[in-house]
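Participant: Sequence and computational prediction follow.
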Amino acid sequence: MSRKVITPVCFVLLLVLTSADLVAQDDVSESKPGFQNESEIIKSVRLGFGGQCRLGFWVPVRIELSKQIPVDAEVFMTLPDTDGIDARIVAEWERERTPNGGLILRSMAKLGRSKGNLKIEIVTEPSGSQRKILSRQFSIADVCTPIESLREFYVSVGNGIELASGVSLGADSAYDAAIAVPIEDWSVLPNEWIGYESIDGLILETSQLEGSPLSEPVQTALKDWVRNGGRIVLVGGRNMQAVFQNNPVLASLVSGKPVTSRRLQSTSGLERTAKATVPLSDQRNRPFMTVFNSSSAEVLLEDIGAPIISSERFGFGQVLLMTVNLAEEPLASWSERKRLTAYLIALLNFSTQRNSEAKFRRSRFGYEDLSGQLRGALDSFADVSMVNFTIVAAIAILFILLIGPVDYFFLKKFVGRMEWTWLTFLLIVVGVSVVTVLVFRNAKPNRVIIRQVEVVDVDMKTKHVRGAIWSHIYSPSSKRYELTWEFGADTGLSQSEVYSSWQGFPGDALGGMQNNASLSNGSTVYHISLNDSSIVDMPINVASSKGVFARWTGVFDKGAKQELAFRRGLLRGRVVNPLNVDLDNVFVVYGRSAFLFKGVLAAGESFDVEADVVEKTISDYLNRRRLKDMGTEATPWNVTNTNMQRIMEIMMFYDKAGGQDYVNLLQRYQTEVDLSDVIGADSAVIVGRAKKPLHTMLLDQKSTADSYEEAWTYYRIVVPVAKKSNSNNN
C-alpha cells in the first residue's frame, strides 16, 4: 500500500477514535449529574476507631458525602491485602441522611499494608451496564493511622475516661507500646460484631445511655462480639438501673440485676486495689455505686457485700462490671485514678505471662508470632519441593559446556563443518530448556493442593458455636479463583454467618503487613464479599500459594448433657462426645490438669474422667515434659517446626503452655484462639480432633475434597462443672 493511501486512512481512523472518545466523555458526564468536583463530594473518610486502624483485622469504615447518591448506587472500597494486592470489598453499606442533605455510609474493611492507597468507587447499573459515578483515591495515611497487628489496642467510649496512662501501666506490652483511644461519639460503633475484632479491650462509660440508649443493632453487635471472645468493661454509677432498663440487650451481658444506688460505705477497697498513696475522698464525698443482686459473677472488689468490680464469662468472652463511675467525682479528679484504670486493663489482659522477665526477641526466621509459624506449616506442601541450587548450577554448567567446548569438538571432529553451529546451538538450547521444564514439573505438581486446619468451639451452656479456618491453596499455574465454603452439617452443628478474607502475616518479612514490597501489577484486583462470604477473582501466581482465613458462628442445639462435678478435690463424672463425628487425641482440660484419653471417642460415646484417663498437668502435657537423669525437662520448642498438630495445641492453650517463656514467640495476632482464660473453676474444655474438614473449600464452584493434602478440624467443647460440697457426696 502506498504512502498516499496510508495517510488518508490514518486520518480517518484518528477522527473516528477521537469522536468515539468525545461520545464516551459525554456518556460519562451524563451518568454523573451534579458531581462536578469529587473532592467536594467526599467530605471525609475514616477507618478504624478514633483514626487508628489495626492491620489485619476487620475495622469500621465511615464515609461522609456532601450530596445524596442514587438509591441503586453501589459503593466499593479497594485497599491492599497482606501481599500488597488490591482487594475490593463488596458489601451492603448502611446509609444515613444528614440534616444538611449529605449522606453517611458505613461498612467494614480489612487493611493489609501500612502504606499504599485506598480507592472508593460509587457505581450504578442503568440499563444493565455499570457506569462510574465517582472514583477517588486516597493515601492510607490520610484516612487512618495504621497500627501494627501485634500491638495491644484498647478503646474507651463515653465521657471522661482517659486510658493512655492506665494502659501504659496495665497493658502487657511485650511487643511494643499499647495503643489507647478515647471516643466520645457513640455513633462510631459498628452494627456488626466482626467490626470490633481489632479491639483487645473495650471500656464503656454508660452514664450517657440513660437518656440516649444505643441502637438495638449496636447493642446486639456488642453482645455477639463478647460472645465470640471480646472483652468489655461496663462502667456505671448511680444511674445504672435506668441505663440497663433502656439498653436491655447490653444489660443481658451481666447476670445480676441493679436494684438500688447508694454511696460507698468505704473507699479503702478502691485505694488498696489502686495501690494508691493519696486517699480518694473524705467521708462526706464518697462516690455513688449501684447495688446488684442475684449475680453469678466472681466478685473482685466489694463494699459491704455489694460488688464494686466483678468478672464473669459470657460465651467465649469476658465481662467486667464496675458499679462506680470513673468519669464522675470524686474519681474523675483523683490523682491515682490511672492506677485503677491500669487494674482494669490488667484484668482484660488475662495472660499469666504478663510479668515474665523474658524479653521478646524478633525471630530470625521471618516471623515473631505463632500465626507466622502456622503459616509456614500450612505452606509446607509435601508434594511441592524446591529446586535446589545444586541442580540449577549443574544445568547452567551443562549448558555452558554444551554450547562451548562440546559443540566445538563435535563439529570439528565428527561433522567437519563449523557453520552448522547455528543448528547445533538451537538444538542445545531446546534440549536444555526441555530438561529444565521436566525438572521444574517434577518438583511442582500439576494440580491444586490445599492444606487446612480449623478450630471449632462449642459452648454447651449457651449452645453458641464459633469457628476459625486457616487454609493455604497451591496453584500449579497463574490463575484467578472464585472461593466459597461448603459446610458439613452432618456434625450436628449449624452455621449462621461466615466472614472470609486473606490471612494476615504480622511483620516485615516477604508477604508481611509491614513489608513495602507488593505482588500487585496495578491491574490485579479481586473481590471479597461480605454479602455471601465469597472471594472472587483471587489471583495466585504459577507454582505459588495463597493463604485465606475465615471466621464463622453458629449454634448447637443438640447433644447429651455433660455431668462433670468437682468434689473432694477431684474432677468426677463422664465425658460425652455430643457431636456426630469421631474424635481422636482427646483430652480434658480443667484447672491445671489435663486428662488424657487413649483411643478414639466415637460419636455419642463417653468415658469416665477418673478411671479411663491418664492425668498430667496441662503445662507438662503441652511442653511434652520427659524424664531426664534424676528429674524432668520440657521438650524445647522448635520455631521451625512445621507439625501442624503440635502448633495448634500451643495456639489453643498458649498461656497454659507457658506462653512466650516456652515458645519465644508471641500470640498477639489471633488471641481468640487461646482458651486458657475460659478454663475456670466452673468450666472444663473437652478437646478432640478429626482428620476431616468441617468446611470444604469450593473453587470455581467445584468441590476440592480430593485436593486436600492435609486437613485437621479441632473441636473444643466447653462444659460446665458443678461444685458439690463433701457433705452432699459421701
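Facilitator: Done, it's in. Residues are numbered from 1 along each chain as shown.
Participant: So for the residue located most distally from the centre of the chain, what's the pLDDT?
Facilitator: Distance from the centre of the chain peaks at residue 416, with 70.4 Å (C-alpha atoms, centre = their mean). Residue 416 is assigned 78 on the pLDDT scale.
Participant: before we move on, what about residue 206?
Facilitator: Reported pLDDT for residue 206: 92.
Participant: Within the helices and strands, which one has the closest residue to it other than its chain neighbours?
Facilitator: Of all residues not flanking residue 206 in the chain, residue 243 sits nearest, at 4.8 Å (C-beta to C-beta, 6 or more residues apart in numbering). Any C-beta I mention is one placed from the backbone N, CA and C, and that applies to glycine too. Assessed by DSSP states H and E, residue 243 sits inside helix 240-246.
Participant: Which residues in that helix does the neighbour count mark as buried?
Facilitator: Buried residues in helix 240-246, counted by 16 or more other C-beta atoms under 10 Å: 240-244, 246.
Participant: now swap in stretch 285-300 and tell me
Facilitator: Buried-residue list, stretch 285-300, by 16+ other C-beta under 10 Å: 286-292, 297, 299-300.
Participant: what does it contact?
Facilitator: With contacts defined as C-beta atoms under 8 Å, 6 or more residues apart in numbering, stretch 285-300 is touched by 236-241, 254-267, 280-281, 303, 306-312, 319, 321, 323-325, 328-331, 347.
Participant: ditto for stretch 438-449
Facilitator: Outside stretch 438-449, the residues touching it (C-beta under 8 Å, 6+ apart) are 381, 383-387, 391, 395, 473-476, 543, 699, 704, 707, 709.
Participant: where in the stretch 101-250 of the chain is pLDDT low?
Facilitator: By pLDDT under 70, the weakly predicted segments of the stretch 101-250 of the chain are 125-130, 160, 164-166, 168-176.
Participant: and with 50 instead?
Facilitator: Nowhere does the stretch 101-250 of the chain drop to pLDDT under 50.
Participant: What of the chain?
Facilitator: Using pLDDT under 50, the chain drops low at 1-36, 351-360, 727-730.
Participant: which one's the longest strand in it?
Facilitator: Counting residues, the longest strand found in the chain (DSSP state E) is strand 708-723.
Participant: Which strands or helices does that one pack on?
Facilitator: strand 449-459, strand 563-567, helix 644-652, strand 683-690 (3 or more C-beta pairs under 8 Å, 6 or more residues apart in numbering; DSSP states H and E).
Participant: Spit out the contact partners of residue 556.
Facilitator: Contacts of residue 556 by C-beta under 8 Å, 6+ apart are 458, 460, 463-465, 492-494, 578.
Participant: so what's the backbone phi/psi at it?
Facilitator: phi -140, psi 100 (degrees, to the nearest 10).
Participant: now swap in residue 370 and tell me
Facilitator: phi -60, psi -30.
Participant: What strand or helix carries the closest residue to residue 509 other than its chain neighbours?
Facilitator: Leaving out its chain neighbours, the residue that sits closest to residue 509 by C-beta to C-beta, 6+ apart is residue 366, at 3.5 Å. Using DSSP H and E, residue 366 sits within no helix or strand.
Participant: and if you look at residue 233?
Facilitator: strand 231-235.
Participant: Show me how far that strand is from its chain's centre.
Facilitator: Relative to its parent chain, strand 231-235 has a centroid offset of 21 Å by C-alpha atoms, centre = their mean, to the nearest Å.
Participant: now do stretch 284-304
Facilitator: On C-alpha atoms, centre = their mean, the centre of stretch 284-304 falls 35 Å from that of its chain.
Participant: For it, C-alpha coordinates in PDB please.
Facilitator: Backbone C-alpha positions of stretch 284-304 (Å, rounded to 0.1, in the frame of the first residue of the first chain) are rendered in PDB as follows:
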ATOM      1  CA  ARG A 284     -18.900  13.300 103.000                       C
ATOM      2  CA  ASN A 285     -17.900  13.000  99.400                       C
ATOM      3  CA  ARG A 286     -17.800   9.200  98.800                       C
ATOM      4  CA  PRO A 287     -18.700   8.100  95.200                       C
ATOM      5  CA  PHE A 288     -22.100   6.600  94.400                       C
ATOM      6  CA  MET A 289     -22.500   3.000  93.300                       C
ATOM      7  CA  THR A 290     -25.300   0.700  92.000                       C
ATOM      8  CA  VAL A 291     -26.100  -2.400  94.100                       C
ATOM      9  CA  PHE A 292     -26.700  -5.600  92.100                       C
ATOM     10  CA  ASN A 293     -28.200  -8.800  93.300                       C
ATOM     11  CA  SER A 294     -28.500 -12.400  92.000                       C
ATOM     12  CA  SER A 295     -25.200 -12.300  90.200                       C
ATOM     13  CA  SER A 296     -23.200 -15.300  89.400                       C
ATOM     14  CA  ALA A 297     -20.100 -13.200  88.700                       C
ATOM     15  CA  GLU A 298     -16.800 -13.500  90.500                       C
ATOM     16  CA  VAL A 299     -16.600 -10.600  92.900                       C
ATOM     17  CA  LEU A 300     -13.100  -9.000  92.800                       C
ATOM     18  CA  LEU A 301     -13.900  -5.900  95.000                       C
ATOM     19  CA  GLU A 302     -16.900  -5.300  97.200                       C
ATOM     20  CA  ASP A 303     -18.300  -2.700  99.600                       C
ATOM     21  CA  ILE A 304     -20.300  -4.200 102.500                       C
END
